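# fold the following and give me the result.
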Amino acid sequence: GVVVPPTSPPPRPQQTKTQLVLQCHEEGMNLVRMGDLDSAFDQFKYAEAVLIANDKEDGNLSLLAVTCSNLGSYYKITGKLHAALSYLRRALKIEE
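Numbering: from 1, shown residues only. Below is the predicted model:
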């Protein structure tokens, strides 16, 4: 006879890119408060990479502005003022 494989459970809904980016920001800010700046930087850069890879989607510009602002703040905290200014200008330009 014909063996019918069991049906697999329905796939779980995947986290949207927006939710992923917002989660990266939340975790990044918590890490900044705890003083773990390296891990915070990783979270912010991951959020930036997700947004850049999906730059044609609606709503990404405001999220990118927040990401740039957070990276600017990170660079300010770590004393890298040129990089801080660059990211903060980018955030401002996106918001205009």
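# quick check: Y75 vs L20, distance?
To L20, Y75 is 23 Å away according to Cβ to Cβ, to the nearest Å. For every residue, glycine as well, the C-beta is placed using N, CA and C.
# these two - which one has more neighbours?
Set Y75 next to L20 and count neighbours by other Cβ atoms under 10 Å: Y75 wins out with 20 against 15.
# pretty sure that one sits against R90.
No: using Cβ atoms under 8 Å, Y75 is not in contact with R90, being 11.6 Å away.
# packing partners for the helix or strand in which R33 is found?
Assigned by DSSP states H and E, R33 belongs to helix 17-34. Packing partners of helix 17-34 (3 or more Cβ pairs under 8 Å, 6 or more residues apart in numbering; DSSP states H and E): helix 37-53, helix 60-77.
# list the buried residues for the shortest one?
Counting neighbours by 16 or more other Cβ atoms under 10 Å, one finds that the buried residues in helix 37-53 are 40-41, 43-44, 46-48, 50-51.
# what helices or strands is that helix leaning on?
helix 17-34, helix 60-77.
# what does the pLDDT read for T78?
If you check T78, the pLDDT there is 95.
# that one: neighbour count?
14.
# and the gap between L92 and A83?
15 Å.
# do S62 as well
Relative to A83, and taking Cβ to Cβ, S62 is found at 22 Å.
# which intervals of the chain have sub-threshold pLDDT?
The model of the chain has pLDDT under 70 over residues 1-14, 56-58.
# which residue is nearest the centroid of it?
A47 (1.8 Å; Cα atoms, centre = their mean).
# contacts only, for it.
Contact analysis of A47 by Cβ atoms under 8 Å, 6 or more residues apart in numbering lists 20-21, 24-25, 28, 63, 67, 70.
# leaving out chain neighbours, which residue sits closest to it?
C24 (3.9 Å; Cβ to Cβ, 6 or more residues apart in numbering).
# so V66 sits against H25, correct?
Yes: if you go by Cβ under 8 Å, V66 and H25 touch, sitting 6.5 Å apart.
# count the neighbours of the residue nearest to A47 for me.
24.
# check L64 too.
L64, neighbours per other Cβ under 10 Å, totals 21.
# was I right about it contacting E48?
Yes: L64 lies in contact with E48 (Cβ under 8 Å); the separation is 7.4 Å.
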